[in-house]
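Enquirer: Using only what follows, build the 3D model:
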Amino acid sequence: MSLWNYEIFDLIVTTGNLRKAAELMHLTPSAVSHSLMKLEKEFGLPLLVRDRNGIELTEYGKELLPHIRSILAMDKKLKEEINSITGRLRGSVRIGAFNSICCTWIPHLVRQMQTEYPDVEISIMQNGYEALERGLLDGILDLVFVSIPPKYNISAIPLMRGRLLCITPMDFIPENKEYITLKEIRQMRIITPGTGSDFDAIAFMKANHLELKTPHNIIDDSSIIALVESGLGISIIPELVLQRLKGQVGIYPIEGAPYRTIGLATQKNMFVSSATDAMLKMILNYVHSQYPQDPPYFRKQNAEEKAEGGME
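Expert: Residues are numbered from 1 along each chain as shown. This is a model prediction of the structure:
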């Protein structure tokens, strides 16, 4: 068994290209090809099919890849545990995050990690919910932010609940002034965040019987805000996104106070390295310090109380 050959095989699959894998490993393409052939000979099974369109895993390769990645993860954990025992944490953490987390939390977390653990290398992958969960299951990522409940069978720690808010052109004033009703949303053109955006807008719209009334399908949050700003419609945006991107738009809580639960998922405990564990604890402490309790979720009765004079 050669971990070196396992690493090369994993990198070939991850990059989808022998030449790219060779560059990253500082090897020649022929050396990478030889390593793959040696591994296939050792297993007595073909692992990859190569043609003009690139490479593709064989059925044997698909079945063996998770086991190979598990071995590599255990080796990584072993090395980091040895480094931890010797007094200095070393290693790497591959973090997956969706857009609003990348814009708001990640910069602080990476800076803090670099300050406290300078020998730990941090790499960030930004993507949509499903792709991030898949990256964790495939062993490409060590730690991912997810929306709870996750789509796949992974365990996640709840971090916080974040409201979904409605953004409108500035000249729109909802009937109740302080919040917008689902009835009002149904009467307007909705600019729908596309697949891979910061939250599952389609699921939200289906759950609330909201019809798509726009040909637009936008992923970038700033583009959605720009379209709303220009009067082309309204949209539903996570509150965390609006902490960084404001724009000249109206921002209103939605009737019923819909929200998403943001969570954090890791590999199975046996594969969680010391560096990943340190990052996990740092994230938990950061979220607790920034959000000591759930934000004040909008409740309809609050608006009614204020209309009657309120009690505050």
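Enquirer: which residues in the stretch 1-150 of the chain form strands?
Expert: Taking DSSP state E, counting those that start in this stretch to define them, one finds strands in the stretch 1-150 of the chain at 48-51, 54-57, 91-97, 120-126, 143-148.
Enquirer: tell me the mean pLDDT for stretch 26-44?
Expert: Predicted confidence along stretch 26-44 averages 84 (mean pLDDT).
Enquirer: how far away is Arg189 from Val249?
Expert: 14 Å (C-beta to C-beta, to the nearest Å). C-beta: built from backbone N, CA, C; applies to glycine.
Enquirer: So between those two, which is more surrounded?
Expert: Val249 (24 against 16; other C-beta atoms under 10 Å).
Enquirer: Touching, that one and Ala226? I think so.
Expert: No: using C-beta atoms under 8 Å, Val249 is not in contact with Ala226; the gap is 9.4 Å.
Enquirer: Any stretches of the chain with poor pLDDT?
Expert: Applying pLDDT under 70 to the chain flags residues 1, 83-87, 196, 212-217, 269-271, 293-312.
Enquirer: residue contacts, the residue sitting nearest the centre point of the chain?
Expert: Closest to where the C-alpha atoms of the chain average out (C-alpha atoms, centre = their mean) is Ala97, at 3.0 Å. Shown in contact with Ala97 (C-beta atoms under 8 Å, 6 or more residues apart in numbering): 105-106, 124-126, 132, 144-145.
Enquirer: again, only using 7 Å
Expert: 106, 124, 126, 145 (C-beta atoms under 7 Å, 6 or more residues apart in numbering).
Enquirer: top of the residues you listed by neighbour count?
Expert: Counting by other C-beta under 10 Å, top hit in these: Phe145 with 22 neighbours.
Enquirer: and it, bridged to which residues?
Expert: Leu264 (DSSP bridges).
Enquirer: List phi and psi for Ser289.
Expert: When read as degrees, to the nearest 10, the backbone of Ser289 gives phi -70, psi -30.
Enquirer: cool, and Gln248?
Expert: Per-residue torsions, Gln248: phi -90, psi 70 (degrees, to the nearest 10).
Enquirer: same thing with Glu175?
Expert: phi -60, psi -40.
Enquirer: Count the residues that sit near it.
Expert: Glu175, neighbours per other C-beta under 10 Å, totals 9.
Enquirer: distance of it from Ala201?
Expert: Taken as C-beta to C-beta, the span from Glu175 to Ala201 is 23 Å.
Enquirer: cool, and Leu11?
Expert: Distance from Leu11 to Ala201, by C-beta to C-beta: 35 Å.
Enquirer: Ile71 too?
Expert: 39 Å.
Enquirer: Who has more neighbours out of these two?
Expert: Ranked by neighbour count (other C-beta under 10 Å), Ile71 and Ala201 place Ala201 first, with 24 against 14.
Enquirer: about what we covered before: ok, the contacts of Ala97 vs Asn208, which is closest?
Expert: Phe145 (24.3 Å; C-beta to C-beta).
Enquirer: Now do the domain split for this structure, please.
Expert: 1-88, 162-259 (automatic domain parsing).
Enquirer: nearest to Thr115, of those?
Expert: Between the domains of the chain, domain 1-88 lies closest to Thr115; by C-beta to C-beta that is 14.3 Å.
Enquirer: I'd like the distance from the closest one to the chain centre, please.
Expert: 25 Å (C-alpha atoms, centre = their mean, to the nearest Å).
Enquirer: ok, Pro238 - contacts?
Expert: 100, 162, 164, 198-199, 260 are the contacts of Pro238 under C-beta under 7 Å, 6+ apart.
Enquirer: May I see those arranged in JSON lines, with secondary structure as well?
Expert: Shown next, in JSON lines, are the contacts of Pro238 (DSSP: H, G, I helix; E, B strand; the rest coil):
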{"residue": "Ser100", "secondary structure": "helix"}
{"residue": "Gly162", "secondary structure": "strand"}
{"residue": "Leu164", "secondary structure": "strand"}
{"residue": "Asp198", "secondary structure": "coil"}
{"residue": "Phe199", "secondary structure": "coil"}
{"residue": "Arg260", "secondary structure": "strand"}
